[in-house]
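**Student:** Here is the input, now give the coordinates:
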Amino acid sequence: AAADPVPPLVLYDPKASHPLPINCPCSITPKETAPMPLTDSDRANAQSPTWTQFIESFNYLAYRVGQNAQDKGWWKGDRNDGELIALMHSELSEALEALRHGNGPSDHIPMFNGVEEELADVIIRIMDYAHARKFRVAEAIRAKFEFNRTREHMHGGKKF
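**Tutor:** Purely as a prediction, here's the structure:
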């Protein structure tokens with residue numbers, strides 16, 4: 001099998017105890033990379049990161065995304081919540097358009113297809129919004145995941 005063109009990196013928040021390894025084609029400075037410390041529970045279940053790792057990494061990345069948006073001039077003043085949510089929706093619409101046009105390689109990051117790029121854009125916009133509004137999205141993902149585990153099959157008979 002061909003080698004993965006993007007080497008795995010570990011994003012590291014100096015305040016976090018458990019950084020999450022991810023495949024990332026972005027440039028990371030050396031001070032932001034470090035070996036991932038393993039806990040006893042990590043060793044017992046080495047194939048899945050813990051919720052703590054996910055939450056810490058998500059929140060750190062949301063901070064980085066928010067800083068980048070500020071640096072690029074998107075937060076010169078307060079932004080309208082409706083506009084920010086509509087922009088998230090527009091990225092989903094772009095994912096649909098990518099599918100409608102065959103889902104070829106992305107124009108900006110050709111190692112990914114169009115849907116992958118647009119879904120990444122949705123998450124980036126969510127992270128930016130969550131950071132700006134101090135929303136606990138990562139924690140809400142965990143809570144919603146746990147809640148969904150308790151739901152009936154097809155949530156009680158929904159068709160889709």
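
**Student:** Tell me which other helices or strands the helix or strand hosting residue 52 touches.
**Tutor:** According to DSSP states H and E, residue 52 maps onto helix 51-71. If contacts are counted by 3 or more Cβ pairs under 8 Å, 6 or more residues apart in numbering; DSSP states H and E, helix 51-71 sits against helix 114-133, helix 137-149. Every C-beta, even on glycine, is put in place using the N, C-alpha and C of the backbone.

**Student:** Next, count neighbours for residue 104.
**Tutor:** When counting by other Cβ atoms under 10 Å, one arrives at 10 neighbours for residue 104.

**Student:** do residue 152 as well
**Tutor:** Neighbour count for residue 152, taken as other Cβ under 10 Å: 8.

**Student:** Give me the distance between it and residue 143.
**Tutor:** Between residue 152 and residue 143 the distance is 19 Å, computed by Cβ to Cβ, to the nearest Å.

**Student:** Same question for residue 137.
**Tutor:** 11 Å.

**Student:** and what of residue 71?
**Tutor:** With Cβ to Cβ as the criterion, residue 71 and residue 143 are 32 Å apart.

**Student:** more neighbours, those two?
**Tutor:** Under the criterion of other Cβ under 10 Å, the comparison of residue 71 against residue 143 puts residue 143 first, with 12 against 9.

**Student:** From residue 104, how far off is that one?
**Tutor:** 37 Å.

**Student:** same check, this time on residue 135
**Tutor:** Applying Cβ to Cβ, the value for residue 135 to residue 104 is 34 Å.

**Student:** Check residue 61 too.
**Tutor:** For residue 61, the distance to residue 104 - Cβ to Cβ - is 27 Å.

**Student:** Kindly report the same for residue 128.
**Tutor:** Distance, residue 128 to residue 104, by Cβ to Cβ: 27 Å.

**Student:** Then residue 55?
**Tutor:** Residue 55 sits 35 Å away from residue 104, going by Cβ to Cβ.

**Student:** go on, residue 136?
**Tutor:** Per Cβ to Cβ, residue 136 is found 37 Å from residue 104.

**Student:** residues near residue 132, how many?
**Tutor:** Residue 132: 19 surrounding residues under other Cβ under 10 Å.
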